[in-house]
Structure formats: C-alpha cells, structure tokens
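> Have a look at this prediction, sequence included:
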Amino acid sequence: MKLPAEKFIIFWCKLFAAMSTISPSQRPMFAPPRQDMPVTPPLKRPYPVGAENGEAHQSAKQFLSNAKLFHGTIPALLSPFTQVGDLDVEAVAPLVNNLLEGGAEGLYLCGSTGEGMSMSVAERKQMTAATLRAVGGRVPVMVMVGACPVEDAIALAKHADDMGAVAISSVAPGAYPWLGEPAATLPTAVQFFSSVARATELPFYPYWLGGALADAKQYLAAMRGIPTFAGLKYTSGDLYTLQQLRAWAPSVLGRELNLLSGCDEVNLAACTMGADGAIGSTYNLMPRLFVAMRTDFELGRAAEAMELQRRANVVIEILLRCCHCDSRGTNIVAGLKAACRQLQGLPAGYGRAATRSVTWSSEDEAELLAELRAVGFQVA
C-alpha cells in the first residue's frame, strides 16, 4: 500500500506524540500482539493468486508490468536441516503453513537466513521445489540464487522460474567474506547481476548490503541496463539512502522500485521512509507481531505500531547477544531455529556449522531460551 505524503506526515506526528505518552514502567517487556484475538490480517493486496503454482506464476509475470509484487511481511524462510546437516524436505511444509497462517504475504528462500551459501546447488533446488509445492500459489515467492559461481546462479535462476517462483534475488560476489571471494566493485557486481538477471524474465531483486559500492543515484544509473531490475532487498540501517533510492528511481530508471527492507529491528522506521514491505529472519519466530505492526502502520495507528516494534526488539536484542551476532550476523540462524523448535514446536531443524563463526552449544541454546522465557516470550 502506497501512502500519500500527507499520510506520512500525519503518521510521524502521531509517532512523536506516542513517544511521550507510553510509559516504560507500565509496559511488559514482551507480550504477543492481541493474544485474545485472531491473527491480525494484512491489508488486501493485488497479488494475482492462482489455484496452482503455474497459474500464479504466469499471472504474476503479467501483473508486474503495472504494479509492485511484494508487500508487507515476507519471512526469509529457515531451511530445516537435521542434526547431521541433511536437508529435511518433509519439514518444509509445516514451516510454510505456520507462516502463512500467521499472515505472511510472501516468502524469501535460500538467502542468509535460509543458509543458501552453505548449500549445494542440488540442495537449493530441493528447498525451492519443496517450498513452492507447499505454498501452492498462495503468496509470491522470491528465491536467492547468488553466493555461488555465476554458472550455478544462472542454473538456480532457471530452476526457480521452472518451479513457479515469481522473482529471483542475489547478493553481489564477496558478500560473505568467509567464503573466500574478493569483495565486489560496482562494475563487477553489476556484471554478475546482469548475467543472472538475464537468465530468466523474472523480476530481479539484488541485495543492498550497505553503501560501499556507490551512492543511491550512482547505483541506479549502473543498474539501468538490467530491464528486469524490479526492486531491492535493502539490508541496511541507513534509511536515508533507502528514501533516496525511492526518490531517484523514477527519474533514473523511468519506474518506481519495489523496496523491501531487511533489518527487522528498524522495520517500522523503514515503513515511514517508503519501504513497501520487509524481508526478515525474525519473522519466522514472530510473524503475527510483524504483520500486526505493518497493518497498524498502514492504518495510521502510530502508538500501536511503535509498541509492537519495541516488543519485537526485546526479542531481537536477546537473539543478537546470545547468538554472538557481533562476530557474524548469520549466527542468529541457530538461535532462531532453537527458539522455533523449543518454544513453538516447529520442525525448524538445526543450523549448519558453515553458517556460524562460533560453536553453538547446548549451553548457548539453554541461555537463549531462558532469556526469552524470562521476558514472557510466547508464540508471536
């Protein structure tokens, strides 16, 4: 939902007013949103859902000519692995159904949270196929195909297209330093993106992992030659640049971009700066909370939205600290999976050692779960 400028101004005024009226001493540390009510539904979107994957896939391609495809809360789906590291394909459907029942409006596969960088091409294809079968055309699915040689990325893009995904995404080469790839420059990143994007007709959403490559206008100008460049997975806390990408896109590209924020802890702030939706890891654990927050934002309920972001950040702070994410951000995956398994009874599996920079022990897991229970975390 695109809010006109006057609604942004009204929302900000309400937000500042809310900041002065909510007393921290009167609030619980954490509580699930609307615990005595059914799931807060997201606002109705114009996504062309078909009865079968193929129908949704084809109608989505036509739909993209005049509208943005992704909106709202889009979990970066956890890839369930057994304790010995094998992909548990049978566990995918329960994870998908839990998120869609919680109001998720799309899914993002095999990115950092999905541990795609630790998976073989065959495993990534298995995960994509299993997820799209489970989704059954109910919401749009985007598949991350990068973090691998360009030939593999092209093969993964074509497979995603064949399976019924409605978009593909990629990090630039060198996004994960522990894989040993040299960091990309803007020309090498664009060359990689162009090769991958041209493998299919699907909309292409590169990662934005910070502004080291270029400023907003330079980046858009460099990407102008990729006709399927439809949006960004914007994983940065620099929300000024997010707004600049939104502002410059019509004049540089001749079209708006579908901008999706990637930092869960500033989801609400990104909404106010023009993000159409958000892709995130903690949405696996708290889908209902983030769906409710986005709905509150779009209906102008500033105080309610602000309170839900605060509650989410109580949990996010615990995860970041207990999972040692100051060492490597993807360490959070092991903690998310433990919380989903132990607190929600979901078959989320276990994190792969290749994703982590530190050993994840039973003591670490116990500490994380104890802290989450101590602040009253329940199913959210």
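Arrived safely, thanks for sending.
> Show me what the host helix or strand of Ile168 pairs with in its sheet, parallel or antiparallel.
Taking DSSP states H and E as the definition, one finds Ile168 inside strand 167-170. Counting by DSSP bridges, the strands paired with strand 167-170 are strand 141-144 (parallel), strand 204-208 (parallel).
> With adjacent residues omitted, what lies nearest to Ala216?
Spatial nearest neighbour of Ala216, chain neighbours left out: Gln244 (3.8 Å); criterion: CB to CB, 6 or more residues apart in numbering. Any C-beta I mention is one placed from the backbone N, CA and C, and that applies to glycine too.
> Now the one you found: which helix or strand?
With DSSP H and E as criterion, Gln244 is part of helix 239-253.
> Of all the residues in that helix, which ones are buried?
Of all the residues in helix 239-253, those buried under the rule 16 or more other CB atoms under 10 Å are Leu239, Thr241, Leu242, Gln243, Gln244, Leu245, Arg246, Trp248, Ala249, Val252, Leu253.
> can you give me the helices for the stretch 201-350 of the chain?
216-223, 239-253, 267-272, 287-298, 302-322, 332-344 (DSSP state H, counting those that start in this stretch).
> Run a quick neighbour tally on Ser120.
Burial measure for Ser120: 11 neighbouring residues, criterion other CB atoms under 10 Å.
> mind listing what it touches?
By CB atoms under 8 Å, 6 or more residues apart in numbering, Ser120 lies in contact with nothing.
> and if you look at Gly351?
Taking CB under 8 Å, 6+ apart as the test, what Gly351 contacts is Phe81, Glu115, Val333, Ala334, Lys337, Trp360.
> which residue packs closest to it, ignoring adjacent ones?
Ala334 (3.5 Å).
> So Tyr205 sits against Leu232, correct?
Yes - Tyr205 is within contact range of Leu232, at 6.1 Å (criterion: CB atoms under 8 Å).
> anything in contact with each of those two?
Asn258, Leu260.
> Now do the buried residues in the helix or strand encompassing Leu368.
Take DSSP H and E as the rule and Leu368 turns out to sit in helix 362-374. Across helix 362-374, burial judged by 16+ other CB under 10 Å covers Asp364, Glu365, Leu368, Leu369, Glu371, Leu372.
> what helices or strands is that helix leaning on?
Applying 3 or more CB pairs under 8 Å, 6 or more residues apart in numbering; DSSP states H and E, we find helix 362-374 packed against helix 302-322, helix 332-344.
> how far does the longest one sit from the chain's center?
Put plainly, it is helix 302-322. 16 Å (CA atoms, centre = their mean, to the nearest Å).
> Compute the inter-axis angle for that helix and helix 287-298.
140 degrees (axes from the mean of the first three to the mean of the last three CA atoms, to 10 degrees).
> buried sites along helix 302-322?
In helix 302-322, counting by 16+ other CB under 10 Å, buried: 302, 304-316, 318-320, 322.
> elements contacting that helix?
When contacts are defined as 3+ CB pairs under 8 Å, 6+ apart, helix 302-322 packs onto helix 5-21, helix 267-272, helix 287-298, helix 332-344, helix 362-374.
> rerun at 6 Å
Packing partners of helix 302-322 (3 or more CB pairs under 6 Å, 6 or more residues apart in numbering; DSSP states H and E): helix 5-21, helix 287-298, helix 362-374.
> Ranked by average pLDDT, which of those helices falls at the bottom?
Looking at the helices and strands packed on helix 302-322, the lowest mean pLDDT belongs to helix 5-21 (a mean of 49).
> Nearest residue to Leu368 in space, ignoring adjacent ones along the chain?
Cys322 (4.1 Å).
> hey, what's Leu232 bridged with?
Assigned bridge partners for Leu232, using DSSP bridges, are Leu259.
> burial count for it?
27.
> Hmm, it is touching Trp208, no?
Yes - Leu232 is within contact range of Trp208, at 4.9 Å (criterion: CB atoms under 6 Å).
> low pLDDT regions in this protein?
Along the chain, the parts satisfying pLDDT under 70 run over 1-41, 43-67, 210-212, 379.
> picking that back up, after the strand holding Ile168, next one along is what?
Using DSSP H and E, the first helix or strand after strand 167-170 is helix 186-197.
> who touches that next one?
Under the contact criterion CB atoms under 6 Å, 6 or more residues apart in numbering, helix 186-197 has outside partners 150, 153, 157, 170, 172-173, 204, 206, 213-214, 222, 226, 228.
> Go through it and flag the buried ones.
Neighbour count says helix 186-197 has Leu186, Ala189, Val190, Phe192, Phe193, Ser194, Ser195, Val196, Ala197 buried, by 16+ other CB under 10 Å.
> Could you do stretch 113-125 as well?
Across stretch 113-125, burial judged by 16+ other CB under 10 Å covers Thr113, Gly114, Glu115, Gly116, Met117, Ser118, Met119, Val121, Glu123, Arg124, Lys125.
> Can you convert the residues you listed into JSON lines and add a column each for secondary structure and distance to Val92?
JSON lines is the format used below for the buried residues of stretch 113-125 (DSSP: H, G, I helix; E, B strand; the rest coil; distance: CB to CB, whole Å):
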{"residue": "Thr113", "secondary structure": "coil", "distance to Val92": "14"}
{"residue": "Gly114", "secondary structure": "coil", "distance to Val92": "11"}
{"residue": "Glu115", "secondary structure": "coil", "distance to Val92": "13"}
{"residue": "Gly116", "secondary structure": "helix", "distance to Val92": "14"}
{"residue": "Met117", "secondary structure": "helix", "distance to Val92": "19"}
{"residue": "Ser118", "secondary structure": "helix", "distance to Val92": "17"}
{"residue": "Met119", "secondary structure": "coil", "distance to Val92": "13"}
{"residue": "Val121", "secondary structure": "helix", "distance to Val92": "18"}
{"residue": "Glu123", "secondary structure": "helix", "distance to Val92": "12"}
{"residue": "Arg124", "secondary structure": "helix", "distance to Val92": "13"}
{"residue": "Lys125", "secondary structure": "helix", "distance to Val92": "13"}
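> returning to what we had before: closest to Phe377 among the buried residues of helix 239-253?
Closest to Phe377 out of these is Leu239 (26.8 Å), distances taken as CB to CB.
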